[in-house]
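Peer 1: Here is a sequence with its predicted model. Questions after.
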Amino acid sequence: MRIFRVLFLAAAMLFVCGLTSSLKAQKLKTDDVPGDVTQSFASEYPDAKVTGWSLEANNYVASFKDDGSDGKAYFSNTGTWLKTIYPIPVSEIPLSISTYVTSNYPNYEISVCNLREMPKVGTHYYLEVRFPEVGGKDEPSVLTFNYVGNLLERKDPEGWVLRTDEPTRPTTDQTAPPKQNKVEVVSNDRGAKTNDEVKEEKKKEKEAQQAKEEKQDKDNAKADKSADKGKKGKKEAEAPHDPWAQYAIAEKEVPAIVMKTFKKKATKPEDTKWFKVGETYVGKCIMREFPMEVYISTKGVWKKTYSYIAQDRINSSMMKHIETYYKGYKFSFAYKELRADKKNKVYIEFYEKKNWKKKLPTGAWFDEKTRKLIRTVDPNFEDPFNDPDLFNDVKMSEEDMQAAIKELPAGVNSYIASNYPSYTIRSTEPEEDKDLGEIHRVEIASPGNSVMVLYFDKNGNFLKKETHDGMKTVKSYGDYDEIQVPEVVLNAFKAKFPRVVDAVWDEDENENYDAQFLGTKGREMCIFTPNGVLLEDLYFLDVNKLTPEIERYIKDTYGKSEIQQYFSVKKDGKNYYKVIILPNKEKYPKYLWFTATGEFDRVEE
């Protein structure tokens, strides 16, 4: 009987081992992988090198290397691509993600961290968060974020409750004495305690300890508050003061001409709030998941826009300055100041290493065009309302002016053509009339520079005229804050990059359209003509890792230079390197092109 029992147990163990191994990945030879699967992989990743194949949950998995990155691509048995995973260190995720985890899951740990691609879903961060404990069996919380660190989805296990107890981790002290098992002694003596009494005693001891800790926390908080009293720049933890609150107004108080300009600058705003400071209306909203502020004069003329930007979209030379002079810093936020006078700037706020725990930020202003530092500031002592732009009037930019002239009612052009055939429209701006509401003020000029101002109602009917001689106008240049990407360009982009859904578009000075997005190799940018023809496909490279040939050419030709951008470019079926440099003592950057072997090709005009 004993021998049969041993044989039965052995058979059971073999069955369990076989079942466990079947649930794990099964390694495969390339010849064992269906042709549809290998062909689909080659189509998705033509330049990748396969390091191995496996079978996981009836899906074929290709482990590969692509331009130095390790990844796993999953396919069905018919060759349908399912997803691709790129493991990444927790230290490389954006600060906004780590801040979210720390705030919403205190004392928890990130157990899984990777970049993922899936059909109809852009490249995103995938995290699993668990409470650390020895032998823990809790299901993880699953978090996904887009490439700039904004939360896409949060999935906590059913019945999940945030744990506040102390994490338990394996001890590393090998000299610690072994933990003794507690033995419950049962006695018939009258003084012996029952199990229920022992449990009740332990419960009371625990409650007493918690009460002691709560009292200690309150005493510490009281001491901190007393010590911090009177310090300048200290923010109230419970009820922070909002300096903008005193200037808040209802949307119905915003003039129609101001609202019209706002809608041009913020095409699809969310959660809009309005403020009136001095001679300026400020509309704060959310655009493309980022905060945005639009400043407009009382006459409806756009002044400037603050567009918040992600850390990976900041110019590399600006970040290099901060990395050089503020080692160990932590990024907070950044925004671009787009101005009607074209004196655009970039503001970056961060925490110096010594001020991180105190949460005392430092701010830096850069000139957007030259990338040079303008000044550093202490945000805690900066008055946001000590801004001349809030109280000064501005002229409409040339680009906005031409657009406004084209939008004038047909009756305005007909009236001028009939009554002043030799005159041309020089400018126009909306005004608010107490009785008629919005009216058009149109300035016209003759070949002899005789200037006349005409007024029309919103339908283009003539109201009155004013004559001024010797009048001069000062022209400035507008912004490219919001653009309308032609449908033919969008269709061409989708055909080329079907899985990218979060591209950020811009229009360059040549009227071409640029799309930036996070690809499998990092940041990528492609340039299309207005007709949808792909001109260039660029990959952002590390400016500190120029090839020796390129580095030598720049040094020999231009001497000491600042490397602002470095790209790998696909253009006209060929591969190039493109380097943007700012030579020492020169005002404008140069765009240098090199062949794939590092030989100089040309300077872009």
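Peer 2: Right, received. Where do you want to start?
Peer 1: show me where the stretch 501-605 of the chain has strands.
Peer 2: Here the stretch 501-605 of the chain has its strands, by DSSP state E, counting those that start in this stretch, at 504-507, 513-519, 522-528, 534-540, 561-571, 574-583, 590-595, 600-604.
Peer 1: what residues does the fifth one touch?
Peer 2: Spelled out, it's strand 561-571. For strand 561-571, contacts defined as C-beta atoms under 8 Å, 6 or more residues apart in numbering pick out 315-317, 371, 525, 535-546, 554-555, 575-584, 589, 593. C-beta here means a position set from N, CA and C on the backbone, and glycine is covered the same way.
Peer 1: rerun that using 7 Å as the cut-off
Peer 2: 315-317, 371, 535-543, 546, 554, 576-584, 589 (C-beta atoms under 7 Å, 6 or more residues apart in numbering).
Peer 1: OK, contacts around Met525?
Peer 2: Applying C-beta under 7 Å, 6+ apart, the residues near Met525 are Asp514, Ala515, Gln516, Leu538.
Peer 1: Taking those residues together, which two end up most distant?
Peer 2: Ala515 and Leu538 (10.5 Å; C-beta to C-beta).
Peer 1: follow-up on the earlier one: make a markdown table out of the strands of the stretch 501-605 of the chain and add mean pLDDT and distance to Asn459.
Peer 2: Formatted as a markdown table, the strands of the stretch 501-605 of the chain follow (pLDDT from 0 to 100; distance: least, C-beta to C-beta, whole Å):
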| stretch | mean pLDDT | distance to Asn459 |
| --- | --- | --- |
| strand 504-507 | 76 | 33 |
| strand 513-519 | 83 | 35 |
| strand 522-528 | 87 | 39 |
| strand 534-540 | 90 | 44 |
| strand 561-571 | 88 | 50 |
| strand 574-583 | 90 | 50 |
| strand 590-595 | 91 | 49 |
| strand 600-604 | 90 | 49 |
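Peer 1: what's the burial count for the closest residue to Ile110 other than its chain neighbours?
Peer 2: Distance criterion C-beta to C-beta, 6 or more residues apart in numbering; nearest residue to Ile110, sequence neighbours excluded, is Val90 at 5.1 Å. A count of nearby residues for Val90, using other C-beta atoms under 10 Å, gives 14.
Peer 1: didn't Val90 look like it was pressed against Cys113?
Peer 2: Yes: using C-beta atoms under 7 Å, Val90 is in contact with Cys113, at 5.0 Å.
Peer 1: Bridging across strands, which residues link to the closest residue to Tyr576 other than its chain neighbours?
Peer 2: In space, and not counting its chain neighbours, Tyr576 is closest to Val569: 4.5 Å by C-beta to C-beta, 6+ apart. Beta bridges link Val569 to Leu538, Tyr576, judged by DSSP bridges.
Peer 1: show me where the stretch 201-350 of the chain has helices.
Peer 2: Here the stretch 201-350 of the chain has its helices, by DSSP state H, counting those that start in this stretch, at 256-265, 316-325.
Peer 1: nearest to Ser63, of these?
Peer 2: Nearest to Ser63, of these and by C-beta to C-beta, is helix 316-325 at 32.0 Å.
Peer 1: Report the contact partners of Tyr281.
Peer 2: Contacts of Tyr281 (C-beta under 7 Å, 6+ apart): Val254, Val258, Trp274, Ile296, Thr298.
Peer 1: Also Gly519?
Peer 2: Contact analysis of Gly519 by C-beta under 7 Å, 6+ apart lists Thr123.
Peer 1: Check the gap between it and Asp502 for me.
Peer 2: The gap separating Gly519 from Asp502 is 11 Å, by C-beta to C-beta, to the nearest Å.
Peer 1: Residues in contact with both of these two, list them for me.
Peer 2: The overlap between the contact sets of Gly519 and Asp502 (C-beta under 7 Å, 6+ apart) is empty.
Peer 1: Within the helices and strands, which one has Thr38?
Peer 2: Using DSSP states H and E, Thr38 sits in helix 35-44.
Peer 1: Other residues contacting that helix?
Peer 2: Tyr60, Ala62, Ala73, Phe75, Thr78, Gly79, Trp81.
Peer 1: Hmm, Leu55 and the second one touching each other?
Peer 2: This means Ala62. No: taking contacts as C-beta under 7 Å, Ala62 lies outside contact range of Leu55: 11.1 Å.
Peer 1: Between the contacts of Met525, which sits nearest Asp156?
Peer 2: After measuring the contacts of Met525 against Asp156 - C-beta to C-beta - the closest member comes out as Gln516, at 32.9 Å.
Peer 1: can you give me the helices for the stretch 1-150 of the chain?
Peer 2: Under DSSP H, counting those that start in this stretch, the stretch 1-150 of the chain gives helices at 2-23, 35-44, 95-104.
Peer 1: mind listing what's buried in the last one?
Peer 2: Using 16 or more other C-beta atoms under 10 Å as the test for burial, helix 95-104 gives Ser96, Ile97, Ser98, Tyr100, Val101.
Peer 1: tell me the mean pLDDT for it?
Peer 2: Helix 95-104 comes out with an average pLDDT of 87.
Peer 1: And for stretch 48-65?
Peer 2: For stretch 48-65, mean pLDDT rounds to 91.
Peer 1: in it, what's buried?
Peer 2: Buried-residue list, stretch 48-65, by 16+ other C-beta under 10 Å: Ala48, Val50, Trp53, Ser54, Leu55, Asn59, Tyr60, Val61, Ala62, Phe64.
Peer 1: Which two among these are spaced furthest apart?
Peer 2: Top of the distance list for the buried residues of stretch 48-65 (C-beta to C-beta): Ala48 and Leu55, 19.3 Å.
Peer 1: I'd say Glu153 and Asn146 touch.
Peer 2: No: using C-beta under 7 Å, Glu153 is not in contact with Asn146, being 10.3 Å away.
Peer 1: Can you pick out the residue with more neighbours from these two?
Peer 2: Remark: of Glu153 and Asn146, Asn146 carries more neighbours, 19 against 10, as counted by other C-beta under 10 Å.
Peer 1: ok, so what distance separates that one from Ser91?
Peer 2: Look at Asn146 and Ser91: by C-beta to C-beta, they are 19 Å apart.
Peer 1: same deal with Tyr566?
Peer 2: Counting by C-beta to C-beta, the gap from Tyr566 to Ser91 is 23 Å.
Peer 1: same question, Tyr351
Peer 2: According to C-beta to C-beta, Tyr351 and Ser91 sit 17 Å apart.
Peer 1: And these two? Which one has more around it.
Peer 2: Each of Tyr351 and Ser91 has its neighbours counted (other C-beta under 10 Å); Tyr351 has more, 20 against 7.
Peer 1: Verify the contact between the more buried one and Gly363 for me.
Peer 2: No: contact between Tyr351 and Gly363 fails when scored by C-beta under 7 Å: they sit 10.8 Å apart.
Peer 1: Would you mind grabbing the residues shared as contacts by these two?
Peer 2: Common contacts of Tyr351 and Gly363 (C-beta under 7 Å, 6+ apart): none found.
Peer 1: still on that earlier bit, ok, which of the strands of the stretch 501-605 of the chain comes nearest Phe290?
Peer 2: strand 504-507 (9.9 Å).
Peer 1: Report the buried residues of that closest one.
Peer 2: Buried residues in strand 504-507 (16+ other C-beta under 10 Å): Val504, Trp505.
Peer 1: Which strands or helices does it pack on?
Peer 2: Where contact means 3 or more C-beta pairs under 7 Å, 6 or more residues apart in numbering; DSSP states H and E, strand 504-507 is packed against strand 513-519.
Peer 1: what about the strand it packs on, distance to the chain center?
Peer 2: Centroid displacement of strand 513-519 relative to its chain, using C-alpha atoms, centre = their mean, to the nearest Å, is 13 Å.
Peer 1: Check stretch 544-552 too.
Peer 2: Remark: stretch 544-552 is offset 30 Å from the chain centroid, using C-alpha atoms, centre = their mean.
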